[in-house]
Structures are given as C-alpha cells and as structure tokens.
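[1] Model the following, please.
(chains A, B, C and D)
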2 protein chains.
Amino acid sequence: MTEARKPGFSDCNNATLRRAARSLGRFYDDALGPTGLKSTQFGMLFQIHISDEPAMGAIAEALIMDLSALGHTLKPLIRDGYVETFADKDDRRVKRVRLTPRGQAKLDEALKLWSIAQRQFEEKVGAEQAAKLRAALDAVADLDLEMPAAAPSN
Amino acid sequence: MTEARKPGFSDCNNATLRRAARSLGRFYDDALGPTGLKSTQFGMLFQIHISDEPAMGAIAEALIMDLSALGHTLKPLIRDGYVETFADKDDRRVKRVRLTPRGQAKLDEALKLWSIAQRQFEEKVGAEQAAKLRAALDAVADLDLEMPAAAPSN
DNA sequence: CGGCAAAAGTGGCATATGCCACTAATTGAA
DNA sequence: TTCAATTAGTGGCATATGCCACTTTTGCCG
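    As a prediction, this is how the structure comes out:
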C-alpha cells in the first residue's frame, strides 16, 4: 500500500476525481442496494423528480452528460416502469420525461437509504467540509475548459 | 431548504462527484484525443508506468477499482499492444503487468498533451486550489465508509 | 413556398466499472 | 500429506457514458 501511490499519478486532477468517484460510488451503491437502484439511477430519478417534466436535453445539460448516454441510462428505468416519456405538445422533436407512480414510490424508498448514506458521509467528513467539496466540484464541473489549439473557433 | 432552487440533488455528494467527473473527463478525453487514448487509459498506463511490474490486484487496489473491472479495462490496452502481462515467478496465481515499448512511447506522447490539459485546468482553478481539491478527493476516496446496519460488529 | 441548416433524439459501437459465480494456485492446519 | 479456506484472476451479464452517423422536426431565408 505504498509503492502504488508514488508521486505523479495523484497529480492528475482527472484521475484523482475518477478514483474518488469509484470509491464513493460504491458506498452509495451499497447503501441503495436494498432498493435495487444504483446510485446513478437514484440520481437520475431525483433529477427528474425535481424538474418539471424535463426534456431529455434539459436533463442531459443539468447533469452534464451526453444526450445519447442519457437515453441509454434511461432505458433500464423505463423498462422497470419507474420512468415514462412523452412527446412535447409543441415540438415533436422534444421528448419529455416524468416519474411514474411506481417510480415516485421507489424514489421515496431510496431517499430513506440515501439519507443514511449521506449522513454517514457527512459524519466522517463534516457537513461543512462536504458542502465545500460539493461547491468546489460544482465549480469544476461548470468550468469552461478548452484546449489551447482548439479554443479560438466559436 | 429553498424549494425554488431544487435542493437535494446538489446535496448528494456522490451525484456531485460524478457530475464533475463526467465534465472533467470529457476535457481530458478531448485533450488526449489525438493520441487515441481515453483519459482513463492514460491513467492506467501511467499507473503501470510508475509501478514496478505490478500485480493486477495491486493496480486495482491503488486505483480503488474492482479487480474484474481492471481486467476488462486492460483488454483494449493489451489488444493494442500497449500493455502485456506475465505470470509471477513465485505465485502462479499472480499476473503482473508492464508497458510494452510501444506502450511506453504512447504514454510519452500522451504525457505531452496531458500536461497541457493539466496546465489549463490549474490556470483556471489555481494550482493551490487544485492541489487542495485533489487532497480532499484522496481523503474521500480513502474514507472507510460503512452503512450502519451493514457494519459488521467489530 | 422550397430547400437547407440547426436542434433533439435514436442506434450502434466501444470503453468503463461492478457484482457474482467459477477456476486455479496457495496456504494453513489436522 | 491431505483437504478446507483463502487468494488472484476470468468470464458473463448489466449499467454508465461517449462519439458518430442518421432521421425527424423546426426554423429561417431567399
């Protein structure tokens, strides 16, 4: 447990972030295990829940995820009857998403377990620190990063 | 909690972390694009590079990733000739990993582009802040989190 | 109005990751 | 030495995500 953490690797912001994401993801996944939902699916249901019948593009933007990735991620949730989609009344290109009653119930169920996990985490890290970390992560996520050579375009 | 700001979601440490990871991952992926490597693959090559012919289990532990996931992740790198494996001399269960000359060359090539991305990031965030963030993420990754009910009485 | 660019999704293909069930190789007793 | 328990990986299955090539709708412009 020593030679593996040589300097250099932990310098990569991206690698460090992914590593933490794998670690924390597992914890939340375990916590939500009894519900049969992955932490990512829980997050998706919650995002839909707090939005008002959002269009797929809106969800993708909010979560900073690829639209097609969103579509793929939604499939299991639709298959399991937690989520349903319907065409927008004014723009037939737009597909809106909403929770089914079953999905709402599952979310409620998951929220209980999520709260426990969340509390566990904040007990270890400190609510204050956790909030700061989330703020920092949101800031990073919202950065407008561009590679030098590719920057000038539009 | 202001209902208007749709609280809750951004309160989830895990969801926030994943969102940031998607965002930053895309940036590093773009940066490494010309090399044909994903940021995850770059990280893997680097990890192998800084280790001394590590066993798969050692890599998995260092990166906090599932051993089988590591195996899967390694396949494309082996297929493309960047990495090779060989059995440990003393314990035939153990499979060690090393970069091929081709893999070493690819890593060198990628390091140049990675440096640019890394610099871009630190220019935006500040090297100081970036270091703090990485430290915080490492701390989170190394937390010993356990769900109350599931915690074995020890 | 006709045609073309932009916007919103879909599907296919590929990598990233996890869990579980197994197999092979070791180790630690009895 | 023999056998159960442990350790290290593998393979299969499922979800998570991205990119690219299309298809369908719109929106806009001459």
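[2] Please make it C-alpha for all contacts and neighbour counts, starting now.
    Noted.
[3] can you map out the helices along chain A?
    A:13-32, A:39-50, A:56-62, A:67-79, A:101-125, A:127-141 (DSSP state H).
[4] Tell me which of those helices is the most buried.
    helix A:13-32 (a mean of 24; mean count of other Cα atoms under 10 Å in any protein chain shown).
[5] That one and DNA strand D, are they touching?
    No. Counting by Cα under 7 Å from any atom of the strand, DNA strand D is not contacted by helix A:13-32; separation bottoms out at 9.1 Å.
[6] That helix versus helix A:127-141: what angle between them?
    Relative orientation of helix A:13-32 and helix A:127-141, computed by axes from the mean of the first three to the mean of the last three Cα atoms, to 10 degrees: 130 degrees.
[7] coming back round to it: now render the helices of chain A as TSV, adding distance to B:L17 and mean pLDDT.
    What follows is the helices of chain A, written out as TSV (distance: least, Cα to Cα, whole Å; pLDDT from 0 to 100):
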stretch	distance to B:L17	mean pLDDT
helix A:13-32	6	96
helix A:39-50	11	96
helix A:56-62	14	96
helix A:67-79	17	97
helix A:101-125	13	95
helix A:127-141	6	94
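[8] and B:L74, which of these is closest to it?
    Proximity to B:L74 (Cα to Cα) singles out helix A:13-32 among the helices of chain A, at 16.0 Å.
[9] returning to what we had before: which one of the helices of chain A lies nearest to B:E61?
    By Cα to Cα (comparing all of those), the closest turns out to be helix A:13-32, at 10.5 Å.
[10] how far does the closest one sit from the chain's center?
    11 Å (Cα atoms, centre = their mean, to the nearest Å).
[11] Go through the helices of chain A and name the closest to B:I50.
    helix A:13-32 (14.1 Å).
[12] Contacts for the closest one, please.
    Applying Cα atoms under 8 Å, 6 or more residues apart in numbering or on different chains, the external contacts of helix A:13-32 come out as A:9-10, A:37-39, A:110, A:113-114, A:116-117, B:14, B:17-18, B:20-21, B:24-25, B:28, B:39-40, B:43, B:63-65, B:118, B:130, B:134, B:137-138, B:140-142, B:145-147.
[13] quick one: is it near DNA strand C?
    Yes. Contact between helix A:13-32 and DNA strand C, assessed by Cα under 7 Å from any atom of the strand, occurs at A:18-19, A:22-23, A:26, A:30.
[14] Of the helices of chain A, which is nearest B:R92?
    Going by Cα to Cα, the one of these nearest B:R92 is helix A:13-32, 28.7 Å.
[15] so how far is stretch A:61-74 from its chain's centroid?
    In terms of Cα atoms, centre = their mean, the centre of stretch A:61-74 is set 10 Å apart from its chain centre.
[16] same thing with stretch A:73-93?
    18 Å.
[17] pLDDT at the residue nearest to A:R93 when sequence neighbours are not counted, what is it?
    In space, and not counting its chain neighbours, A:R93 is closest to A:A87: 7.5 Å by Cα to Cα, 6 or more residues apart in numbering or on different chains. pLDDT for A:A87: 95.
[18] State the distance from A:A87 to chain B.
    Counting by Cα to the nearest Cα, to the nearest Å, the gap from A:A87 to chain B is 24 Å.
[19] Repeat that for A:Q118.
    The value you get for A:Q118 to chain B, if Cα to the nearest Cα is used, is 7 Å.
[20] Might one say that that residue is in contact with A:A131?
    No. The pair A:Q118 and A:A131 does not pass the contact test of Cα atoms under 8 Å, sitting 11.7 Å apart.
[21] is chain B contacted by stretch A:126-144?
    Yes. Under the criterion of Cα under 8 Å from any Cα of the partner chain, chain B is reached by stretch A:126-144 at A:130-131, A:133-134, A:136-138, A:140-143.
[22] would you turn those into JSON lines with distance to DNA strand D?
    Output for those, formatted as JSON lines (distance: Cα to the nearest atom of the strand, whole Å):
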{"residue": "A:A130", "distance to DNA strand D": "20"}
{"residue": "A:A131", "distance to DNA strand D": "20"}
{"residue": "A:L133", "distance to DNA strand D": "18"}
{"residue": "A:R134", "distance to DNA strand D": "16"}
{"residue": "A:A136", "distance to DNA strand D": "18"}
{"residue": "A:L137", "distance to DNA strand D": "15"}
{"residue": "A:D138", "distance to DNA strand D": "14"}
{"residue": "A:V140", "distance to DNA strand D": "14"}
{"residue": "A:A141", "distance to DNA strand D": "11"}
{"residue": "A:D142", "distance to DNA strand D": "13"}
{"residue": "A:L143", "distance to DNA strand D": "14"}
